[in-house]
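A.B. asks: Predicted structure and sequence below. I'll ask about it afterward.
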Amino acid sequence: MVSNLTLKSTSFLPSVLGCLPFVVAAVAVAAQPAAAQEVPVPETFTATTVNIDPAEEGLRFSVLRWSSEADREAVVDVLTSAAAEAGGTDGELADLLELPSLGHLWLDSSSVGYSLKYARRVSLAGGGENLTFVTGRRVGTFGRASWMPDGAPADAATRPFTVIELRIDHMNEGEGKLSAAAEVAIDANRSLVALQDYAAAPVVLESVTRQPLPYWAR
């Protein structure tokens, strides 16, 4: 009786062992997608408002990716072809809001962020960079502050978006200006958005700083 049980148990081993390679392979395949996933590393820039209401407001730009040519074309197309329909009672431009978000602008005084629809960087002589952003909604849509400096363009308060330019030097520090204090220039041929006559516009963002990458991404 004992010998029969032993024979049955022994004869079962090859089938079990034969399945092991398939079990190991299945586990390995299941683990691959998780290992292959890449966590996007945001590039972060901070600044503080000056010469504008609100004063000394902290800002944080979190950029997940920079605009491709197609991204820029889409934004420029909306800003040029839908300009006549830009003024809604809630200060929104629906076609702009539907475009992909490339990151967010966060204010220290609010838990609500502004989606970045356009994010372009250009290297400057001497190692610095010029960063240009377009928000899906006008900065100041959420909150009581006007975000209007003295001498603001007449239509600045009714624009449903905000153009922001940051100039950063080789030390990763600089200044910034907003379309609340300047006219907006759109180059449809090259799919570019910028502040018109940047040099003449007042500085409304100071202490602009590129923040280090998270320790896990260095």
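C.D. replies: Okay, I see it.
A.B. asks: Dump the longest strand seen in the chain to CSV, restricted to CA.
C.D. replies: Longest strand of the chain, by residue count under DSSP state E: strand 114-123. Included here for strand 114-123 are C-alpha records, laid out as CSV according to Å, rounded to 0.1, in the frame of the first residue of the first chain:
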residue,chain,number,x,y,z
TYR,A,114,-3.7,77.2,-14.3
SER,A,115,-3.1,74.7,-17.1
LEU,A,116,-0.2,75.4,-19.4
LYS,A,117,-1.2,75.0,-23.0
TYR,A,118,2.0,76.4,-24.6
ALA,A,119,5.5,76.0,-23.2
ARG,A,120,8.5,77.0,-25.3
ARG,A,121,12.2,77.4,-24.4
VAL,A,122,14.9,79.1,-26.4
SER,A,123,18.6,79.2,-25.4
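A.B. asks: Excluding its own residues, what touches it? List them.
C.D. replies: Residues outside strand 114-123 that contact it (Cβ atoms under 8 Å, 6 or more residues apart in numbering): 61, 63, 65-67, 71-72, 75, 96-97, 99-106, 129-137, 139, 141, 161-162, 192-193. C-beta here means a position set from N, CA and C on the backbone, and glycine is covered the same way.
A.B. asks: thinking Gly58 is in contact with Leu105, fair?
C.D. replies: No - in this structure, Gly58 is not within contact of Leu105 by Cβ atoms under 8 Å, at 11.3 Å.
A.B. asks: who has more neighbours, the two?
C.D. replies: Counted by other Cβ atoms under 10 Å, Gly58 and Leu105 do not tie: Leu105 has more neighbours, with 22 against 13.
A.B. asks: Quick check: bridge partners of that one?
C.D. replies: Bridge pairing for Leu105 (DSSP bridges) gives the partners Phe61, Tyr114.
A.B. asks: And the next helix or strand past the longest strand of the chain?
C.D. replies: Next helix or strand after strand 114-123 toward the C-terminus (DSSP states H and E): strand 129-135.
A.B. asks: Now do the helix or strand just after that next one against strand 114-123, angle only.
C.D. replies: Scanning forward in sequence from strand 129-135 by DSSP H and E, the next helix or strand is strand 163-168. On the basis of axes from the mean of the first three to the mean of the last three Cα atoms, to 10 degrees, strand 163-168 is oriented at 40 degrees to strand 114-123.
A.B. asks: helices or strands up against strand 163-168?
C.D. replies: Under the contact definition 3 or more Cβ pairs under 8 Å, 6 or more residues apart in numbering; DSSP states H and E, strand 163-168 sits against strand 43-49, strand 129-135, strand 173-178, strand 192-195, strand 205-210.
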